[in-house]
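S.K.: Sequence first, then the predicted structure, then my questions.
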Amino acid sequence: MSQPRSRRSYLTTAGCVLAVGLAGCSQQTYDGEPANEFGYETTETAGVEVPLVPIEDALGWHGDDAALFADARGSEAYESAHIAGAVHSPAPDGASGTDPVEQRETDTRVVTYCGCPHHLSTQRGASLIGAGYADTYAIDEGFGPWRQNGYPMNGSRVEQIPESYRIDGRTSAGGEDGYAWVWHDPSGQREAAPIESDGTFSVHVQFYDVGLETELRLSVPGGERTAPLAELATGEVVL
């Protein structure tokens, strides 16, 4: 198994610049157990510091069957392509009814991941840590590099990489822990990004079977807008 490391990787993937502000590196305890025994850097989501595991370490855990991998994206994205053996546990609070992660013991090591690079995965990670799954991590670089590197995957469309787009916007209704969400309602695909303190946000979307003419729904606390992707991805959307 690869040795854990605390140095953070910065990668650029198609459509996604992996540059996310961190809240610093900290050690937390839940029920007396360490939440970040490897000293990984963390990012704060919903008041919880979620450790970011480098993709090489996650790959080592995967090869050693040393962690349960949980896909925090929507069901369409999961069914199209996901890390081999991963369960579907969508952000922020898991699958409705019976979530496959929450059927495991709380001492299970869980690795969450999403597309670009860890907005959805850290939301799911934060809710799991809060529920007592202290040994929970989010893949720092996200699913894109896992796919590009040819690491183990399952799904109906593992060879197909959807186009990437960015939606920039501004809102006066962000509030604490506010997120901007973009939804493709027919398929249930969605992506999110935090709203910064100045009200700006940038959501990177990489949805299957979605083109510039496809209508998407952009939602922020207190407002939303439905429009073709071409319109949302041009200039700054004000809500």
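M.R.: The structure has been received and is ready for your questions. In this text the structure is predicted, and so the values were computed from the model without any measurement.
S.K.: Name all residues that make contact with Ala67.
M.R.: Counting by C-beta atoms under 8 Å, 6 or more residues apart in numbering, Ala67 makes contact with 58, 61, 108-111, 137. Where C-beta positions appear, they are placed from N, C-alpha and C, glycine not excepted.
S.K.: ah, wrong one, I meant Thr226
M.R.: Taking C-beta under 8 Å, 6+ apart, one finds 215-218 in contact with Thr226.
S.K.: Apply 10 Å and report the result again.
M.R.: Contacts for Thr226 (C-beta atoms under 10 Å, 6 or more residues apart in numbering) come out as 183, 185, 215-219, 232.
S.K.: Using PyMOL, make a named selection holding only the buried ones among those residues.
M.R.: In PyMOL, selecting the buried portion of the contacts of Thr226, with burial taken from 16 or more other C-beta atoms under 10 Å, looks like this:
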select buried, resi 183+216+218+219+232
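S.K.: Give me the subset of the contacts of Thr226 that lies in strands.
M.R.: Cross-referencing the contacts of Thr226 against strands under DSSP state E gives 183, 215-219.
S.K.: Quick check, Glu49 in contact with Thr43.
M.R.: Yes. Between Glu49 and Thr43 there is a contact under C-beta atoms under 10 Å: 7.4 Å.
S.K.: Enumerate every residue touching Phe143.
M.R.: Contacts of Phe143 by C-beta under 10 Å, 6+ apart are 13, 55, 71-73, 77, 81-83, 86, 113-118, 120-121, 151, 153, 206.
S.K.: Can you turn the buried subset of these into a selection I can paste into ChimeraX?
M.R.: Selection of the buried residues among the contacts of Phe143 in ChimeraX, burial being defined by 16+ other C-beta under 10 Å:
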select :13,55,71,72,73,77,81,82,83,86,113,114,115,116,117,118,120,121,151,153,206
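S.K.: Sitting in strands, which of the contacts of Phe143 do you find?
M.R.: Counting by DSSP E, these contribute 13, 71, 82-83, 113, 153 to strands.
S.K.: what element comes up after the longest helix along the chain heading to the C-terminus?
M.R.: Among the segments of the chain that qualify as a helix by DSSP state H, the longest is helix 119-130. On the C-terminal side of helix 119-130, the closest following helix or strand by DSSP states H and E is strand 136-139.
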